[in-house]
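What shape does this take:
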Amino acid sequence: MLGVPLFIPGESYGKVVCERGWKWNRGDVPFHDYDLWYVWRGEGRLVLNGEEHPLSHNQCYLFRPGDRVDAWHNPDLPLVVTYIHFTAKGSSEMLAALPSRYDISSPYVIEAYLDRFVQVMTLREHRHKEEACMLLRLLLMGLERESLSSKEASRRRSPHLEAMTKIAATIRENPAQAGTIAELAKQAYLSPRYFSMKFRETMGQTIESYIIEKRIERAELLLNQHGMMVGEVAEALGYQNIYYFSKQFKKVRGYCPSKAGRRGALHPND
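I've put the predicted structure just below:
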């Protein structure tokens, strides 16, 4: 698309355990491309354009063309890093706006993308280059999120983020069996009251409204695209009373569930 940059992976990439005597002496040789560099574990030091930084787990660097870098590590705690060299075509505003250094607060997503990128580029299966480009863009978007406002950064640093997002995913997958707040809180090893507070901080809405929203989304799909009757949908989603289901559906969607099927019939491909 016009104006959307294309990030193209190079042939230099991988996940490595740095050798005991490893060091990076390239301060006099600037980068000619971009390098996404992520530290899984270990410790060391890095000098980027004359500024020294400590190296430790869950840190990520985005080196740019022209950057000058020196680095070394503690041989007793060797660095384990993933590196991805790439070039950019089109507008580079996104890259220009990104900081060079990150302390990744929620590493499980970015680490999954990094592992998948190395796997895709190593196996080189059908359309691997397309997938690699998409994964690289997702990684850079993740860095973009890391550089958001301090409020958002604080939310992402929450030790409960992973538990809340997993519970939210479970609710989306099976809203009919979401469980009680006490049961959900137990999954997060929290009290019901504290769980409700942390869920709202993480997801931006109460746990009660989230469950209702996902049930109604599923109900609308079953009515529109699966041809189920209102009573069948209410029962499938765990409502004991069809009238209560209809009232809740109308409150959320603004129209009765009996009209949902007709909307789907008029717009079968929506």
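
What are the boundaries of the strands in the stretch 101-250 of the chain?
101-103 (DSSP state E, counting those that start in this stretch).

Let me see the ranges of the helices in it.
For the stretch 101-250 of the chain, applying DSSP state H, counting those that start in this stretch gives helices covering 107-123, 128-146, 150-156, 161-173, 181-187, 192-203, 207-225, 230-236, 242-253.

So which bits of stretch 126-136 are buried?
Of all the residues in stretch 126-136, those buried under the rule 16 or more other CB atoms under 10 Å are 131, 132, 133, 135, 136. Every residue, glycine included, has its C-beta placed from N, CA and C.

my bad, stretch 186-194
188, 190, 192.

That stretch: how far from the chain's middle?
23 Å (CA atoms, centre = their mean, to the nearest Å).

so residue 191 touches residue 184, yeah?
No - with contact defined as CB atoms under 8 Å, residue 191 does not count as touching residue 184 (11.5 Å).

so where is this structure shaky, pLDDT-wise?
1-4, 91-92, 149-158, 261-270 (pLDDT under 70).

what's near enough to touch the residue of it positioned farthest from its centre?
For the chain, the residue at maximal distance from the C-alpha centroid (CA atoms, centre = their mean) is residue 243, at 38.4 Å. For residue 243, no residue meets the contact criterion (CB atoms under 8 Å, 6 or more residues apart in numbering).

any idea how far residue 139 is from the residue nearest the centre of the chain?
Nearest to the geometric centre of the chain sits residue 109, at 5.1 Å (CA atoms, centre = their mean). From residue 109 across to residue 139, the span is 9 Å (CB to CB, to the nearest Å).

Next, count neighbours for the residue nearest to the residue nearest to the centre of the chain when sequence neighbours are not counted.
In space, and not counting its chain neighbours, residue 109 is closest to residue 142: 6.5 Å by CB to CB, 6 or more residues apart in numbering. A count of nearby residues for residue 142, using other CB atoms under 10 Å, gives 17.

Contacts only, for residue 142.
Taking CB under 8 Å, 6+ apart, we find residue 142 in contact with 109, 110, 113.

Hmm, residue 134 and the last one touching each other?
Yep, that's residue 113 we're talking about. No - here residue 113 does not reach residue 134: they are 9.6 Å apart, not a contact under CB under 8 Å.

buried ones in the lengthiest strand in the chain?
Taking DSSP state E as the criterion, the chain has its longest strand at strand 6-17. Judged by neighbour count (16+ other CB under 10 Å), strand 6-17 contains these buried residues: 7, 8, 9, 13, 15.

Against residue 29, how distant is the second one?
With distances defined as CB to CB, the gap from residue 8 to residue 29 amounts to 22 Å.

The first one too?
Between residue 7 and residue 29 the distance, using CB to CB, works out to 23 Å.

How about the fourth one?
Distance from residue 13 to residue 29, counting by CB to CB: 19 Å.

same deal with the last one?
In this structure, residue 15 and residue 29 are 23 Å apart, going by CB to CB.

Skipping adjacent residues, who's closest to residue 171 in space?
In space, residue 171 is closest to residue 178, 4.8 Å off (CB to CB, 6+ apart).

now swap in residue 188 and tell me
Excluding its sequence neighbours, the residue lying closest to residue 188 (CB to CB, 6+ apart) is residue 163, at 4.3 Å.

Verify the contact between that neighbour and residue 186 for me.
No - Residue 163 is not in contact with residue 186 according to CB under 8 Å; the separation is 11.1 Å.

so how far is stretch 18-27 off the chain centroid?
31 Å.

Touching it from outside, list them.
Counting by CB under 8 Å, 6+ apart, 42, 46-47, 68-73, 75, 78-81 sit against stretch 18-27.

Noted, bye for now.
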